[in-house]
Structure formats: C-alpha cells, structure tokens
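Engineer: Next comes the sequence, and after it the predicted model I'd like to discuss.
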Amino acid sequence: MFLDVPSQWPPQDPPPEPPKARFSPKEEKFLLWVVALNVLGLFIAPVGGFTILNAVRALFGP
C-alpha cells in the first residue's frame with residue numbers, strides 16, 4: 001500500500017504566464033485587410049467557380 005507522507009522538498013512555484021501577444025497598429029490594419037479580402041473572396045469565389053464550370057461545359061458539352 002502507498003502511504004502519502006509530506007514531501008521533503010517544498011513545492012515549486014508554477015511557471016509565470018507568458019505575456020499575451022499584442023498586435024501593433026500596422027499589424028492590426030494588415031490583419032483587417034486579410035480578413036476583408038477573405039470575406040470578399042467568400043462571395044466572389046462561388047461565382048467565379050461557376051463561370052469556369054460553365055466554360056468547361058461549353059467547350060465539351062452540347
């Protein structure tokens with residue numbers, strides 16, 4: 001059986017929390033542009049994909 005006795009060494013302090021990442025204003029602006037372009041692509045990509053499919057169908061289909 002195991003007998004839980006007080007340890008001989010004092011408990012270690014937990015490691016300090018790493019600092020939270022902060023963006024500079026330039027990085028925030030760049031990130032906003034990336035998000036805006038992705039949202040724009042969300043609406044444009046399906047239309048462009050459909051156009052390409054229509055072109056392929058026009059080439060090989062009746």
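Structural biologist: On my side now, so go ahead.
Engineer: Show me the helices in this protein, by range?
Structural biologist: 25-60 (DSSP state H).
Engineer: Find the residue ranges of it scoring beneath the pLDDT cut-off.
Structural biologist: Applying pLDDT under 70 to the chain picks out residues 1, 6-9, 62.
Engineer: Let's check: the centremost residue of it is which one?
Structural biologist: In the chain, the C-alpha nearest the mean C-alpha coordinate belongs to Val35, at 10.7 Å (CA atoms, centre = their mean).
Engineer: What separation do you get for that residue and Glu17?
Structural biologist: Computed with CB to CB, to the nearest Å, the distance linking Val35 and Glu17 is 28 Å. The way it works is simple: take the backbone N, C-alpha and C, and place the C-beta from them, glycine included.
Engineer: repeat for Asp4
Structural biologist: Between Asp4 and Glu17 the distance, using CB to CB, works out to 30 Å.
Engineer: Also Leu37?
Structural biologist: The separation that Leu37 has from Glu17, given CB to CB, amounts to 34 Å.
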